[in-house]
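Enquirer: next come a sequence and a model predicted from it.
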Amino acid sequence: MENETNSTYPGQDNGEITQRVVYKHIAAIALVLLGMVFLGLFAIACVIYLNINKQQIENVVPAIFVNIIGFIFIALIVSLTVATIWIWRRNKVIITNRHIVDIDQIGLFNLDISTLRLEEIQDISARVNGVFQTALNYGTVIIQTAGERENFVLDYVPKPHELEDYIIDLRAKYYPKDNS
């Protein structure tokens, strides 16, 4: 969880102050990155194999084609890795003194922004399931809202219990219960 406070979201009012920005845990892209590592190792193994068997391969396929295919394959791996990291970094939760904003970058060209007013929060819970989430300290924060609106679900949240407490304290600070 980061305490970056200079981040804003589209439509944020001038009087609205960013309190905290939370980025998704690296576990959200771990499998994709692991796949990229395996593809990279496969590319290295292919280069070694091609160098060892260079004479036999050049009899069947010209060297320029092998080099072009290898370059395209490595460029694809690098591009997918960069795109994955870019998408992951664009996924965040911005908590202000008035709202909780969940920004989800879905693919390269789709952005989904969900906003919840702090005053609408009825209940909040944090859930950590399984060995990996427990070991890596990430999970899901579920915010129940007033009215017919669906629950606000924040997944791959680092230190979810800490974020749960933070939101509860922030709501109490800006929207104290009416004692009348």
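Expert: All right, it came through fine. Since the model is a prediction, treat every value here as computed from it, not as a measurement.

Enquirer: can you tell me the SS state at residue 56?
Expert: With DSSP: H, G, I helix; E, B strand; the rest coil as the basis, residue 56 sits in helix.

Enquirer: tally of neighbours for it?
Expert: Residues lying near residue 56 (other CB atoms under 10 Å) number 9. To be clear about C-beta, it is placed using only N, CA and C from the backbone, and glycine gets the same treatment.

Enquirer: avg pLDDT for the host helix or strand of residue 125?
Expert: Using DSSP states H and E, residue 125 sits within strand 121-127. Averaged across strand 121-127, pLDDT comes to 92.

Enquirer: same thing with stretch 141-151?
Expert: Rounded mean pLDDT across stretch 141-151 is 83.

Enquirer: that one: end-to-end distance?
Expert: Stretch 141-151 has its terminal residues 10 Å apart, counting by CA to CA, to the nearest Å.

Enquirer: who touches the strand holding residue 125?
Expert: 100, 139-146, 157, 160-161, 163-164, 167-168, 171 (CB atoms under 8 Å, 6 or more residues apart in numbering).

Enquirer: give the next helix or strand downstream of it.
Expert: helix 130-136.

Enquirer: what comes up buried for that next one?
Expert: 133, 136 (16 or more other CB atoms under 10 Å).

Enquirer: same question for stretch 106-117.
Expert: Quick answer for stretch 106-117 (16+ other CB under 10 Å): 115, 116.

Enquirer: and that stretch, what's its mean pLDDT?
Expert: Rounded mean pLDDT across stretch 106-117 is 90.

Enquirer: just stretch 17-25 next, same as before
Expert: 92.

Enquirer: how about that stretch: buried residues?
Expert: Neighbour count says stretch 17-25 has 18, 19, 20, 21, 22, 23, 24, 25 buried, by 16+ other CB under 10 Å.
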